[in-house]
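[1] this one's structure only:
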């Protein structure tokens, strides 16, 4: 599967916003904002979580919440607050909140088929 990117806008609690290109990472639980972005929109840490990177390394990152807008919709979502060198990632929690799934063949985001069962 190739890399999939999507442009989105994140908005902080006081209305400051930034537009950036996210790597859609279906293996990442939470979305991640680069340090420069989350600081510029005024996010503050609410909690912290431990994560395991693809190479098995365990890291700890702070977590906050913001509004994210993609071409397919806009919702509030938890986000990890990146540190120096961290890239913007769009994780599965945000995708689910937006009701989206990644089609790995066409490398596009599509509406999720919702079930009430």
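    Cool, the structure landed. Bear in mind the structure is a predicted one, so any value in this text is a computation, not a measurement.
[2] Which residue is the nearest non-sequential neighbour of residue 43?
    Sequence neighbours aside, residue 64 is the residue nearest to residue 43 in space, at 4.3 Å (criterion: Cβ to Cβ, 6 or more residues apart in numbering). C-beta: built from backbone N, CA, C; applies to glycine.
[3] wait, is the one you found part of a helix?
    No. When classified by DSSP: H, G, I helix; E, B strand; the rest coil, residue 64 is found to be strand rather than part of a helix.
[4] Show me the beta-bridge partners of it.
    Beta-bridge partners of residue 64, counted by DSSP bridges, are residue 79.
[5] Quick one: residues contacting the most centrally placed residue in the chain.
    For the chain, residue 31 is the residue whose C-alpha lies nearest the centre (Cα atoms, centre = their mean; 2.3 Å). Applying Cβ atoms under 8 Å, 6 or more residues apart in numbering to residue 31 gives the contacts 22, 68, 77-80, 88-91, 93-94.
[6] And it, how close does it get to residue 82?
    As judged by Cβ to Cβ, to the nearest Å, residue 31 and residue 82 stand 10 Å apart.
[7] Now list whatever residues contact both of those two.
    Common neighbours of residue 31 and residue 82, using Cβ under 8 Å, 6+ apart, are residue 88.
[8] that older thread, enumerate every residue touching the residue nearest to residue 43.
    Residue 64 touches 38, 43-46, 78-79, 81, counting by Cβ under 8 Å, 6+ apart.
[9] if you set the cut-off to 10 Å instead, what comes out?
    By Cβ atoms under 10 Å, 6 or more residues apart in numbering, the contact set of residue 64 is 12-13, 33, 38, 41-47, 78-81.
[10] from those residues, which two are the most distant?
    Considering Cβ to Cβ, no two members of the contacts of residue 64 lie farther apart than 41 and 47, which are separated by 18.1 Å.
[11] ok, back up a step: by neighbour count, which of the contacts of residue 31 wins?
    Top of the contacts of residue 31 by neighbour number is residue 90, holding 29 neighbours under the definition other Cβ atoms under 10 Å.
[12] Name the nearest residue to residue 13, ignoring sequence neighbours.
    With sequence-adjacent residues excluded and distances taken as Cβ to Cβ, 6+ apart, residue 13 is closest to residue 42, at 6.2 Å.
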